[in-house]
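S.K.: Got a predicted model here, sequence first, then my questions.
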Amino acid sequence: MNLKSLGFTTFFEEQYTSFLKEEKYKNCVPARVLLEHKHSYRVLSEQGEWLSTVAGHFVYESFSQADFPAVGDWVLVEKMDGEERGIIHKIFKRKSQFSRKIAGRKVEEQIVASNVDIVFLVMSLNADFNIRRLERYLIAAWDSGATPVIVLTKADLCEDVDDYLRETESIAIGVDIFVTSSYTGEGIEQIRAFFNEGVTGALLGSSGAGKSTLMNALYGEDIMKVSGIREDDAKGRHTTTHRELVFLSGCGCLIDTPGMRELQLWDQGESLASSFQDIEELSTSCRYRDCTHKKEPGCAVVQAIDNGDLEFSRLQSYFKLQKELAFMERKTNTQEKLAEKRKWKQISKGLKKKYK
């Protein structure tokens, strides 16, 4: 196993060179997080695979869940003498991260996968196909810093593939779309072609979309458990219960993730415009610059709906996501201020103890 095969690019090499200048890291080696347990992590380095925990100072300096390692992260690990265990001292700066708001009312970021080059958005060609859910995934994918690719699975069970494909193309502007079947092998080689040495992909989608089956097909053998779907609504059972990075021999890495039926967006910045390029382009032709696309005269967006060039449901989705992101931005700004206040309070407390 070499670091380059695991995705240790120049971006991380430069950071590692900088870390080595500090005496406290002299016994540490770079490793990648394969699996996250409740209070520990399984990491892989050139020296082997170890179960690791974060150092005490790491916990002290962390203020949110996003400050801790996530699957796909590169970390500095110190191996414990005589044991196949390690201590994580530092996380490398992430080049990309797919995030969402954690479940529940608490406003906090959960990193689903980090340092990913390609995000494969997986959706099955059955009754669980949901174009509005796919729009939501696309926004988060664009914001992650990775390249989104849409994978439509279970083509062998679908009689109207072309209809689903046209519907997907209408909202996935500039995004590659592949129709696959793990049963017949259709499209599998096209997906596998993305994985050159050092490339990391992540499979994201709802339960029953076929992520684990696709993972097995790409790996070449059954390494992930799979389950059937409910016959009444075509929705899947939670087969994958954790995030895990798997090394595809000679051709990169792939992260499988638990199904996410609800994806609450997290501070997506400019990604709404990337996902709704059609509406954004139409907006440039509106009579008023601050057009809300509701009642104003000369609105090019409303005109497109009247002409049948744009679906009203897509505009409704745009408004809904726009409102959600504005709400999340207000909430995260408040949370950041509170976190900063807690940070300086903790630092002040530490200094008082030191010089007491």
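M.R.: All right, it came through fine.

S.K.: Measure how buried the nearest residue to Val43 once chain neighbours are set aside is and give me the count.
M.R.: Spatially, and ignoring its direct neighbours in sequence, Val43 is nearest to Ala31 (4.0 Å; CB to CB, 6 or more residues apart in numbering). All C-beta atoms are positioned from the backbone trio N, CA, C, and that covers glycine. Around Ala31 there are 28 other residues, counting by other CB atoms under 10 Å.

S.K.: Equivalent analysis for Gln322, please.
M.R.: For Gln322, using other CB under 10 Å, the count is 13.

S.K.: and it, what are its phi and psi?
M.R.: Taking degrees, to the nearest 10, you get phi -60, psi -40 for the backbone angles of Gln322.

S.K.: thought it was touching Ser275?
M.R.: No - using CB atoms under 8 Å, Gln322 makes no contact with Ser275, being 11.0 Å away.

S.K.: quick check: domain ranges of this protein?
M.R.: Listed domain ranges for the chain are 10-91, 97-256, 271-340 (source: automatic domain parsing).

S.K.: which of these sits most buried?
M.R.: domain 97-256 (a mean of 19; mean count of other CB atoms under 10 Å).

S.K.: Am I right that Ile177 is in a helix?
M.R.: No - using DSSP: H, G, I helix; E, B strand; the rest coil, the secondary structure at Ile177 is strand, not a helix.

S.K.: which residues does it contact?
M.R.: Residues near Ile177 by CB atoms under 8 Å, 6 or more residues apart in numbering: 149-150, 152, 165, 168-169.

S.K.: Among the residues you listed, which lie within helices?
M.R.: Among the contacts of Ile177, the ones falling in helices (DSSP state H) are 165, 168-169.

S.K.: helix/strand/coil for Leu3?
M.R.: Leu3 ends up coil, using three-state DSSP.

S.K.: Name the helix or strand for the closest residue to Glu280 other than its chain neighbours, please.
M.R.: Nearest in space to Glu280, with sequence neighbours left out and distances taken as CB to CB, 6+ apart, is Ala273 at 4.9 Å. Using DSSP states H and E, Ala273 sits within helix 271-275.

S.K.: Please name every helix or strand in contact with that helix.
M.R.: In terms of contacts (3 or more CB pairs under 8 Å, 6 or more residues apart in numbering; DSSP states H and E), helix 271-275 is packed against helix 131-144, helix 312-354.

S.K.: Confidence-wise, which of those helices is weakest overall?
M.R.: When the helices and strands packed on helix 271-275 are ranked by mean pLDDT, helix 312-354 comes last with a mean of 66.

S.K.: My guess is Leu3 contacts Ala31. True?
M.R.: No - in terms of CB under 8 Å, Leu3 does not count as a neighbour of Ala31; the distance is 9.0 Å.

S.K.: joint contacts of the two?
M.R.: In contact with both Leu3 and Ala31: Ser45, using CB under 8 Å, 6+ apart.

S.K.: wait, doesn't Glu186 sit right on Asp156?
M.R.: Yes - contact criterion CB under 8 Å: Glu186 and Asp156 qualify, at 7.4 Å.

S.K.: OK, contacts around Phe92?
M.R.: Applying CB under 8 Å, 6+ apart, the residues contacting Phe92 are 12, 15-16, 30, 73-76.

S.K.: ok, so of those, who is nearest Asn196?
M.R.: If you rank the contacts of Phe92 by distance to Asn196 using CB to CB, Phe12 comes first, at 17.1 Å.

S.K.: and the helix or strand where that closest one lies, average pLDDT?
M.R.: For Phe12, the element it lies in under DSSP H and E is helix 10-19. For helix 10-19, mean pLDDT rounds to 96.

S.K.: looking just at contacts, which helices and strands does it meet?
M.R.: Using 3+ CB pairs under 8 Å, 6+ apart, helix 10-19 sits against strand 28-36, strand 74-79.

S.K.: so how far is the following helix or strand past the longest one from its chain's centroid?
M.R.: Moving toward the C-terminus from strand 28-36, the first helix or strand encountered (DSSP H and E) is strand 41-45. In terms of CA atoms, centre = their mean, to the nearest Å, the centre of strand 41-45 is found 20 Å from the chain centre.

S.K.: Equivalent analysis for stretch 207-217, please.
M.R.: 16 Å.

S.K.: got it, and stretch 67-76?
M.R.: Centroid displacement of stretch 67-76 relative to its chain, using CA atoms, centre = their mean, is 14 Å.

S.K.: Check stretch 67-86 too.
M.R.: Per CA atoms, centre = their mean, the centroid offset for stretch 67-86 relative to its chain is 22 Å.
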